[in-house]
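# okay, predicted coordinates and the sequence, questions at the end:
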Amino acid sequence: MTINRIPGIVAVFGLLFLLQEALINRVSFIIGGFSLYLAFFIVWIMQEERGSAVANGFIAGFIADLSPTLEAPFGLWSFVFTVVAYLIANNVRAALDSDLSPITISVVTVFGSFVASVMFLLSGAILGQEVGSASYILKELFGNAMWTFLLSPLYAPISIKLHRTTLTARNR
Amino acid sequence: MPARGSNRTRLLWISLLVTSLFLITLDLRGVSIISSIRSGVQAVLAPFQKAGSSIVSPLGNLFDDITNLGRTQSKIDNLKEENERLKSRLILNENIVGELEQLKGVLDLAGQARLKVVAARVITRGGTATFGETIVIDKGSNSGIKRDMTVIATRGLVGVVKSTTSNSAVILLMSDPSFRVGVRVAGTQDMGILSGGGDNRFTIEMLSATGQIKVGDVLLSRGSSGDRPFVPGVPVGKISFVESSAGQLTKQGRVEGFVNLDSLGVVSVVLDAVAGDPGDALVPRGPKPAPTVTVFVTPEPTPSE
């Protein structure tokens, strides 16, 4: 990844963070909630090449860690996003065709988002965070997965287009 | 060449993971710069959250409205009737009316307990998919709000102030899995610890082996030293289920909260408890039974022939 891309990536994820904190969090979804930030990130990473995916993951995770309402220790999202970025770029993305169909993008996004949430939960629990009842965890995980899938036609194309705009001529 | 690229990626990955772990360690060791960063971000976010709140408020409960729509014909008819009545009134923003009702309720509660409070609007909720339960309010340290102050709503306890900026504050809701509050049973005064579980159901564990609870018992906050983080006597919830297991040393049960934490519009932060412990004075009263009307029929004397 070239250094030139970093301001663009920070701007996109910063804006997304603002959108999540100021608008999306205010909507009370029927089951669980929806993390646009996480879903958008997974789609973004699927477009990324292996070398730069982890750096993108760390930047996005660091911005997510800035959330003032977060109970988890600072750095936990950075850790989770970096691991998930590596896993998707090196294992999932490599096993798929270069041209991703919309349904593949949706399914991988739901899967990636689910894995990231579980990893966040487990890492938090290891660090001594309270995790809540099993029914609450299942409701949150299921709700987020459902909304991530249902709303994917809305955010996935935007993520793909925005990703292209941050690419330098050399990356293209 | 690919092997070198792959090694470089792995090296970068490991470096970033170590950096993340370093940040986590700093935060867990209580390095103040980390909490300052989050407070700074909250100060920047607050105006956007306020703007977002005014945009999303009418749509915020859209999903609830959809799920309740068209349950029964009679309900629809009643709603139509009510709608007509509302149209004939002045055009008032439903949102504002709802908030005023909540504000009136919370001020009634505060007045009853002689609590010095500052009312605030909820401008956003905490991050979803983070397994935490928080809200952000539009008042902060400029209004006298400090960390670890009690937050109440119309029917009782909401949570505790987690952090503040000049014009906003983050509230840890009592439904958060990390939330704990000392409670006592109204009447018997038996004490226990109430824990959040993520949703609007809580668990209670009594402190002593002799402490008894039964379904319907009302729980009040026990209060903390210097009234922070909890002022005494605030209604918390009522027992909905008592676990009966032979191996338990102390009684345990499930609690239903008095406040619906999913639809908070206005809350109050307790700045000071003027009158001390109000005892059981704030226990919510049940609905008054309708007076029974007894009719005595006295037979009229018939005119004798």
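Done, it's in. Numbers count the residues shown, from 1 in each chain, chains lettered A, B, ... in the order given.

# make it CA atoms for all contacts and neighbour counts henceforth
Noted.

# can you pull the phi and psi angles for A:Phe40?
phi -60, psi -40 (degrees, to the nearest 10).

# mind checking the SS state of the residue lying closest to it once chain neighbours are set aside?
The shortest distance from A:Phe40 to any non-neighbouring residue, by Cα to Cα, 6 or more residues apart in numbering or on different chains, is to A:Ser159 (6.0 Å). Here A:Ser159 is helix, with the state taken from DSSP: H, G, I helix; E, B strand; the rest coil.

# surely A:Ser159 touches A:Met46?
No. Using Cα atoms under 8 Å, A:Ser159 is not in contact with A:Met46, being 10.2 Å away.

# list the beta-bridge partners for B:Leu115.
Following DSSP bridges, B:Leu115 is listed with bridge partners B:Ala273.

# how close does it get to B:Leu86?
Separation of B:Leu115 from B:Leu86 (Cα to Cα, to the nearest Å) stands at 35 Å.

# looking at those two, which is more packed in?
B:Leu115 (20 against 13; other Cα atoms under 10 Å in any protein chain shown).

# which is the next helix or strand following the helix or strand of chain A with the lowest mean pLDDT?
Lowest by mean pLDDT, DSSP states H and E among the helices and strands of chain A is helix A:93-95, with a mean of 73. Counting by DSSP states H and E, the next helix or strand C-terminal to helix A:93-95 is helix A:102-126.

# for chain A, just list every one of the helices.
Using DSSP state H, the helices of chain A run over A:6-22, A:36-47, A:50-65, A:76-87, A:93-95, A:102-126, A:134-150, A:152-166.

# helices and strands around the third one, which ones?
If I follow you right, that is helix A:50-65. helix A:6-22, helix A:36-47, helix A:76-87, helix B:2-28 (3 or more Cα pairs under 8 Å, 6 or more residues apart in numbering or on different chains; DSSP states H and E).

# tell me the mean pLDDT for the first one?
What it means is helix A:6-22. Average pLDDT, helix A:6-22: 92.

# which residues does it contact?
A:35-37, A:56, A:59-60, A:63-64, A:67, A:162, A:166, B:45, B:48-53, B:124-127 (Cα atoms under 8 Å, 6 or more residues apart in numbering or on different chains).

# list the buried residues of it.
Along helix A:6-22, these residues count as buried under the neighbour rule (16 or more other Cα atoms under 10 Å in any protein chain shown): A:Ile9, A:Val10, A:Val12, A:Phe13, A:Gly14, A:Leu16, A:Phe17, A:Leu18, A:Leu19, A:Gln20, A:Glu21, A:Ala22.

# for the spatially most central residue of chain A, give me the pLDDT.
Nearest to the mean C-alpha position of chain A, by Cα atoms, centre = their mean, lies A:Leu38 at 2.7 Å. We have a pLDDT of 94 for A:Leu38.

# my guess is it contacts A:Phe114. True?
No. The pair A:Leu38 / A:Phe114 is not scored as a contact, 9.6 Å apart, by Cα under 8 Å.

# what helices and strands are in contact with the helix or strand containing B:Gly182?
Using DSSP H and E, B:Gly182 maps to strand B:180-185. With contacts defined as 3+ Cα pairs under 8 Å, 6+ apart, strand B:180-185 has these neighbours: strand B:191-196, strand B:218-221.

# next one: it to chain centre, how far?
From the chain centre to the centre of strand B:180-185 is a distance of 15 Å (Cα atoms, centre = their mean, to the nearest Å).

# what's in contact with that strand?
Counting by Cα under 8 Å, 6+ apart, B:174, B:190-196, B:213, B:217-223, B:230, B:236 sit against strand B:180-185.

# rewinding a little: a markdown table please, covering the helices and strands packed on helix A:50-65 and showing distance to B:Val181.
Conversion of those to a markdown table gives the following (distance: least, Cα to Cα, whole Å):
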| stretch | distance to B:Val181 |
| --- | --- |
| helix A:6-22 | 28 |
| helix A:36-47 | 32 |
| helix A:76-87 | 27 |
| helix B:2-28 | 23 |
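
# strands along the stretch 51-200 of chain B, start to end?
B:115-125, B:134-137, B:150-153, B:156-164, B:169-173, B:180-185, B:191-196 (DSSP state E, counting those that start in this stretch).

# quick one: the second one near chain A?
Yes. For a cut-off given as Cα under 8 Å from any Cα of the partner chain, strand B:134-137 has contacts with chain A, namely B:Thr134, B:Ile135, B:Val136.

# what's the answer for the last one, then?
Yes. Strand B:191-196 lies in contact with chain A when judged by Cα under 8 Å from any Cα; the contacting residues are B:Gly196.

# sorry, back to before: between the residues of strand B:134-137 next to chain A, which is closest to chain A?
B:Thr134 (6.1 Å; Cα to the nearest Cα).

# quick check: that closest one vs A:Pro68, distance?
B:Thr134 is 10 Å from A:Pro68, by Cα to Cα.
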